[in-house]
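Student: Build the 3D model from these lines:
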Amino acid sequence: MVEGCVDFLSSHEAHNLMTLVQATDAAARGEVPVGALIYAAQGWVVSMAGNGPIGAHDPMAHAEIVAMRCAARRLSNYRLSGLCMVVSLEPCPVCQQATGLARLQSVRYLTAQGAENGFVRPDITPPLQEDRAFMTAGEMMLKIFFEFRR
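Tutor: Numbers count the residues shown, from 1 in each chain. Purely as a prediction, here's the structure:
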């Protein structure tokens with residue numbers, strides 16, 4: 001904080017908001033609105049990405065995978081130990097597994113997938129933490145996106 005200035009958002013809230021901006025950008029491109037952001041313990045952002053399988057013609061271009069690839073390139077290391085991820089939607093099993101292989105310290109998601117998907121979390125993945133503060137915005141974005149597509 002700069003003396004005489006007021007912080008409008010904590011780094012936690014800023015990370016959540018930037019993740020939702022990435023999800024909004026993905027939706028604007030016709031992708032499922034999912035965004036991911038990877039940050040260091042000090043709060044600085046290492047990478048962020050939105051969903052991109054349709055535009056990239058790549059089934060693995062989920063926001064989480066793209067953000068991890070970008071972070072790994074930026075750090076010249078596939079091990080992302082000590083870094084944390086925020087995702088706008090609870091990661092699918094493949095992305096959960098990838099977060100474990102990348103050795104992320106933690107993964108926080110803003111919107112749950114729902115019990116109907118029956119996702120089982122692999123044992124090697126970092127702990128998932130649900131962040132309810134921005135959940136309504138993420139849920140509404142997904143609802144509007146799929147209503148528009150139908």
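Student: Pull out the CA atoms of stretch 79-92 and give them to me as PDB.
Tutor: The C-alpha coordinates for stretch 79-92 follow below in PDB (Å, rounded to 0.1, in the frame of the first residue of the first chain):
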ATOM      1  CA  ARG A  79       7.700 -27.500 -12.100                       C
ATOM      2  CA  LEU A  80       5.600 -24.700 -10.700                       C
ATOM      3  CA  SER A  81       6.300 -25.400  -7.100                       C
ATOM      4  CA  GLY A  82       5.300 -22.600  -4.700                       C
ATOM      5  CA  LEU A  83       2.900 -21.000  -7.200                       C
ATOM      6  CA  CYS A  84      -0.900 -20.900  -6.800                       C
ATOM      7  CA  MET A  85      -3.800 -21.000  -9.300                       C
ATOM      8  CA  VAL A  86      -7.200 -19.400  -9.300                       C
ATOM      9  CA  VAL A  87      -9.700 -20.800 -11.700                       C
ATOM     10  CA  SER A  88     -13.200 -19.400 -12.500                       C
ATOM     11  CA  LEU A  89     -14.700 -23.000 -12.600                       C
ATOM     12  CA  GLU A  90     -13.700 -26.100 -10.700                       C
ATOM     13  CA  PRO A  91     -11.000 -27.900 -12.800                       C
ATOM     14  CA  CYS A  92     -12.000 -31.000 -14.700                       C
END
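Student: So what's the gap between it and the chain middle?
Tutor: Mean C-alpha position of stretch 79-92 versus that of the full chain (Cα atoms, centre = their mean, to the nearest Å) differs by 6 Å.
Student: again, but for stretch 61-79
Tutor: That offset, for stretch 61-79, works out to 12 Å (Cα atoms, centre = their mean).
Student: how about it: buried residues?
Tutor: For stretch 61-79, the neighbour count (16 or more other Cβ atoms under 10 Å) marks 61, 62, 63, 64, 65, 66, 67, 68, 69, 70, 71, 72 as buried. (Each C-beta comes from the backbone N, C-alpha and C, glycine too.)
Student: Likewise for stretch 45-61?
Tutor: In stretch 45-61, counting by 16+ other Cβ under 10 Å, buried: 45, 46, 47, 48, 49, 50, 51, 52, 53, 61.
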